[in-house]
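I need the structure of the sequence given here:
(2 chains)
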Amino acid sequence: MKLKEIAKVLDAQFITEAMDADDLDISSACSTDLMSVVLYYHSMNCLLITGLTQPSVIRTAEIACIKCIVFVQGKNPNLQTIELAKEKGIPLLSTPHSMYSVSGRLFQAGLPSSPEK
Amino acid sequence: MTPEINGNVEGSFQLIGGNFTNAGEASTQLKMKLFEFGVDDAIIRRAAIATFEAEMNVIIYAAAGQLHYYITPENIKIRVEDMGPGIEDIEQAMQEGYSTAPEWVREMGWGAGMGLPNMKRNSDEFMIESVVGEGTTVHMTINLNE
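Numbering: from 1, shown residues only, chains lettered A, B, ... in the order given. The predicted structure is shown next:
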């Protein structure tokens, strides 16, 4: 699923510009506020849905090869987090919807969960 | 693909407890180094995750620590030692979900009790030694040729 399409489904705004939002292909998603869960269950070309906004989320995403992060419930990260995301080339989105709703919308749109085991 | 490593490469990083701002920097640099050597992506990912979890444990629990890596054409050996409180019951600490992390660490998304199991899961060899009141040392080996 293309990132641009994901943003539309989630009524999400881009916090950092994604150069390739039209082409960036996301193949699964993971919803969590636990960083170790990201490191445990992620997969390639995965999207992270989270309510945490501190810089270590970006570090975790980079290590786990997460392609994009969606912040739920209208949360906006601080400048430090945004700068780090820009440096690492990880697009950030903010959506007004809850984690449950975001997961449901994406699942319904055909985006599967990252491996559960 | 065989990684292009001529001879052995080693290095180390100093880790400072509580420094969440730079947390992950050592793992990121190690990841870049393995990438330069042409190591397989899946192996890089395993090495990066194992190292990152070890790095975070030092930052969360210890006053300071050191991460040392040694790369040969066959494998990467990572040793992370800290001056921390030590682990009383290693067997218990290795269980998924067991954590002694304080509330403020959990609020930041850490301390889910999956760090040590995740290090073991991503390593080909894993060993942990700990002395209460002195510190903990984790040894991990990841084979570079599957």
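
In chain A, what residue comes closest to chain B?
The nearest approach of chain A to chain B comes at A:Arg59, 3.2 Å away (CB to the nearest CB). For every residue, glycine as well, the C-beta is placed using N, CA and C.

Surely that residue is within a helix?
Yes. Under DSSP: H, G, I helix; E, B strand; the rest coil, A:Arg59 falls within a helix.

Quick one, grab the pLDDT at it.
Note for A:Arg59: predicted pLDDT of 93.

hang on, it packs against B:Thr28?
Yes. Between A:Arg59 and B:Thr28 there is a contact under CB atoms under 8 Å: 7.2 Å.

higher neighbour count, the two?
Between A:Arg59 and B:Thr28, counted using other CB atoms under 10 Å in any protein chain shown, the more crowded position is A:Arg59 (24 against 18).

what sits against the more buried one?
For A:Arg59, the contact set (CB atoms under 8 Å, 6 or more residues apart in numbering or on different chains) comprises A:Leu84, B:Ala23, B:Gly24, B:Glu25, B:Ser27, B:Thr28, B:Phe52.

Which other helices and strands does the helix ranked longest in chain B contact?
Counting by DSSP state H, the longest helix found in chain B is helix B:41-61. Counting contacts by 3 or more CB pairs under 8 Å, 6 or more residues apart in numbering or on different chains; DSSP states H and E, helix B:41-61 packs against helix A:35-41, helix A:55-63, strand B:9-16, helix B:25-36, strand B:64-71, strand B:75-83, helix B:115-122, strand B:135-143.

Which among these is found nearest to A:His97?
helix A:55-63 (18.3 Å; CB to CB).

Put the alpha carbons of the closest one into PDB.
Written as PDB, here are the backbone C-alpha positions of helix A:55-63 (Å, rounded to 0.1, in the frame of the first residue of the first chain):
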ATOM      1  CA  PRO A  55      13.600  10.600  19.700                       C
ATOM      2  CA  SER A  56      14.200   7.000  20.800                       C
ATOM      3  CA  VAL A  57      11.200   6.000  18.700                       C
ATOM      4  CA  ILE A  58      13.100   7.200  15.600                       C
ATOM      5  CA  ARG A  59      16.200   5.300  16.700                       C
ATOM      6  CA  THR A  60      14.100   2.100  17.200                       C
ATOM      7  CA  ALA A  61      12.500   2.600  13.800                       C
ATOM      8  CA  GLU A  62      15.900   2.900  12.100                       C
ATOM      9  CA  ILE A  63      17.300  -0.200  13.800                       C
END
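
buried sites along that helix?
Buried residues in helix A:55-63, counted by 16 or more other CB atoms under 10 Å in any protein chain shown: A:Pro55, A:Ser56, A:Val57, A:Ile58, A:Arg59, A:Thr60, A:Ala61, A:Glu62, A:Ile63.

about what we covered before: from B:Trp110, how far out is the residue of chain A closest to chain B?
As for A:Arg59, its distance to B:Trp110 is 11 Å (criterion: CB to CB, to the nearest Å).

again, but for B:Ala101
From B:Ala101 over to B:Trp110 the distance is 6 Å, taken as CB to CB.

hey, what's in contact with both of these two?
The contact sets of B:Ala101 and B:Trp110 overlap at B:Ile60 (CB under 8 Å, 6+ apart).

For these two, indicate the residue with more neighbours.
Taking other CB under 10 Å, B:Ala101 and B:Trp110 do not tie; B:Trp110 has more neighbours (25 against 17).
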